[in-house]
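Trainee: I'd like to go over a predicted model; first the sequence, then the structure.
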Amino acid sequence: MRFMFFKGQVLPRCLAKWTQPVDLANSASPDSRKRRQSRSIPLFGLRGAAMALGKERSAPLRCLSLAFLAALAAAGCEPTFVFAGGELAGTEQPLPPSWDFSTDVDTVQIETRPADPYSVNVWGVSLDRHFYVAASDAEDATWARAIETEPRVRLRIGNDIYRMLATRTDDPAELADVTDAYLDKYGGERERSFIRHAWVYRLESR
């Protein structure tokens, strides 16, 4: 599965404590202390940071493993860049008359498999009265394959959740408009846009 970098990605509270600033200057030797400054180690740099701190025997990072983080995520965390989540938390709302308010929201969450909820972070755009999401490398995307079997989904924007039906579209004109909407919102070049090879879903009222 290809992971996508999302602007404004936020770690769930249950993982945030593992990404607090680590004072490398005070944990290192006097000589290395002169060469290093305190810096924060984000989640995606933990493996490299643990290797770098191995000689300094940093106990917290030495004990931390990606397997442990995965277990925490599976225990009920929200979806993150690395991990999928389960049932989304939030307040269910009726469908809005317009999705224009979502223009300033880069990352939304979509929950599939009602019987066994599976949620991920995705990019999404509004177009006319519909909301669209797209799956890159869709054949390997668990959430996209789940929609092909069960189209009922829940979309979360901010803290609001909407019950919807996902319909995959292959209409050339519609796909062209969706591609334009993605490029307007997220930037990039049409020739290199992942939308050109993605499965695009139109989300509508159930």
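Mentor: That came in fine, so what should we check first?

Trainee: So, low pLDDT: which residues of this structure?
Mentor: Residue ranges of the chain with pLDDT under 70: 1-83.

Trainee: which stretches of the chain form helices?
Mentor: 13-16, 24-27, 30-35, 46-52, 59-63, 66-74, 142-149, 172-186 (DSSP state H).

Trainee: Let me see the domain layout of the protein.
Mentor: According to automatic domain parsing, the chain comprises the domains 13-74, 91-205.

Trainee: The closest residue to residue 188 other than its chain neighbours and residue 173, how far apart?
Mentor: The shortest distance from residue 188 to any non-neighbouring residue, by Cβ to Cβ, 6 or more residues apart in numbering, is to residue 182 (7.8 Å). No exception for glycine: its C-beta is placed from N, CA and C like everyone else's. Plainly put, residue 182 is 15 Å away from residue 173 if you go by Cβ to Cβ, to the nearest Å.

Trainee: Looking at those two, which one has more neighbours?
Mentor: Set side by side, residue 182 and residue 173 show unequal neighbour counts under other Cβ atoms under 10 Å, the larger going to residue 182 at 23 against 8.

Trainee: Touching, the more buried one and residue 126? I think so.
Mentor: No: with contacts defined as Cβ atoms under 8 Å, residue 182 does not count as touching residue 126, sitting 11.1 Å away.

Trainee: how much space between the residue nearest to residue 188 and residue 105?
Mentor: Counting by Cβ to Cβ, the gap between residue 182 and residue 105 amounts to 14 Å.

Trainee: Return the set of buried residues in stretch 114-122.
Mentor: The neighbour-count criterion (16 or more other Cβ atoms under 10 Å) identifies 118-122 as the buried residues of stretch 114-122.

Trainee: now swap in stretch 173-189 and tell me
Mentor: For stretch 173-189, the buried set under the neighbour-count rule, 16+ other Cβ under 10 Å, comprises 174-175, 178-179, 181-182, 185.

Trainee: Can I get those in CSV including distance to residue 100?
Mentor: Shown next, in CSV, are those (distance: Cβ to Cβ, whole Å):
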residue, distance to residue 100
174, 19
175, 21
178, 16
179, 19
181, 12
182, 16
185, 12
